[in-house]
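Undergrad: starting from these lines, generate the structure:
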Amino acid sequence: MAKHVMEMVLEYARVFAENADMGNAESDQKWLRELAKNGGQTVVNCYFTSEDQIDTLVEAGFERIALNPRTNEPVDRIKEGNPDFGIGKYLTLKRKLSDVREFKDKKTGEFINYDFGGLPKVVDLRDMNNKRFWSFAEDGPLGNGTRAMVEFDMYKGTTMRLEAVGILDHVAYEERASSGSGMFDVKEDAA
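TA: Predicted structure coming up:
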C-alpha cells in the first residue's frame, strides 16, 4: 500500500459524521441500498493542482482506466470537472465508515478482524503553529474550493482510500436553495 499526500482543491466534501453519505435503504439503486446497509461512507472530489500529480500516481502504478461495472465500458477514473478548481481534473476519494476485513495471522494461524473504515482525520492547518482537529460544529462544513493537503492510500493501483484532509484555505459552505424557480422566495414585510 502506497501513501500519497498532495495539495488539492475540494468539492462536495462529505468527510464528517454529520454529512457522510449514508446511502438510502429504500432506493431502487442497489449501490445506495448496499451503502445504507453497510453503514455509509465519506466521499470528496479532490482536484489536482498540477499535471505532475497525475503523473506521480501513474508512475506509482495507478490504473487510470477502469471498467464501469454497470455498462462494462472503459472509463477514466480521473474526471473532468470545474475548471476553476485546480487544473479542472479530479479524483473521487472515499472511505467506508465500517470496512471490516478478516485476515489469517501468519504466526498463530488465527483469524483476525481488522476495520479499515472510520472517519478520515480532518485537521486545521491554516496556522501551522497551532494545528488542531477541525470541528464540524464550530468551524463548519467544507465548501467547494477549499484548499487542502489530502492524504490517501493506493492499493494495487486500483483501490484508493481517503486517510486525512488538512485544511489550508477554508471556503465556507453555501447551502443551495431547494427550489431553483424562485416561486417560493418571500420577502419579509417591512411593517
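Undergrad: correct me, but Arg95 touches Asp115?
TA: No: judged on CB atoms under 8 Å, Arg95 makes no contact with Asp115 at a distance of 11.3 Å. All C-beta atoms are positioned from the backbone trio N, CA, C, and that covers glycine.
Undergrad: quick one: which of those two has more around it?
TA: Arg95 (23 against 11; other CB atoms under 10 Å).
Undergrad: give me the sheet partners of the helix or strand hosting the more buried one and which way each runs.
TA: If you go by DSSP states H and E, Arg95 is part of strand 89-96. Here strand 89-96 is paired, per DSSP bridges, with strand 41-48 (antiparallel), strand 79-80 (antiparallel).
Undergrad: got the phi and psi for Val69?
TA: Slight slip there: residue 69 is Pro, not Val. Torsion angles at Pro69 (phi, psi; degrees, to the nearest 10) stand at phi -70, psi -20.
Undergrad: for Arg64, same thing?
TA: The phi/psi pair for Arg64 (degrees, to the nearest 10) is phi -70, psi -40.
Undergrad: show me the contacts for it.
TA: By CB atoms under 8 Å, 6 or more residues apart in numbering, Arg64 lies in contact with Val58, Asp76, Arg77, Ile78.
Undergrad: can you give me the separation between it and Gly39?
TA: For Arg64, the distance to Gly39 equals 29 Å [CB to CB, to the nearest Å].
Undergrad: before we move on, the earlier item: what's the most buried one of the strands paired with strand 89-96?
TA: strand 41-48 (a mean of 23; mean count of other CB atoms under 10 Å).
Undergrad: and the longest strand anywhere in the chain, what does it pack onto?
TA: Taking DSSP state E as the criterion, the chain has its longest strand at strand 2-14. On a contact count with 3 or more CB pairs under 8 Å, 6 or more residues apart in numbering; DSSP states H and E, strand 2-14 meets strand 41-48, helix 51-59, strand 147-155, strand 159-169.
Undergrad: can you count the residues close to Lys94?
TA: Counted with other CB under 10 Å, the neighbours of Lys94 add up to 16.
Undergrad: leaving aside the residues adjacent along the chain, what's closest to it?
TA: In this structure, Lys94 finds its nearest non-sequential neighbour in Val43, 4.7 Å apart by CB to CB, 6 or more residues apart in numbering.
Undergrad: returning to that earlier point: off-centre distance for the helix or strand following the strand holding Arg95?
TA: Later in the chain than strand 89-96, the nearest helix or strand by DSSP H and E is strand 100-104. Relative to its parent chain, strand 100-104 has a centroid offset of 24 Å by CA atoms, centre = their mean, to the nearest Å.
Undergrad: quick one: contacts of the next helix or strand after strand 100-104?
TA: Toward the C-terminus, strand 100-104 is succeeded by strand 111-115 as the next helix or strand (DSSP H and E). Strand 111-115 has contacts (CB under 8 Å, 6+ apart) with Ser98, Asp99, Val100, Arg101, Glu102, Phe103, Lys104, Asp105.
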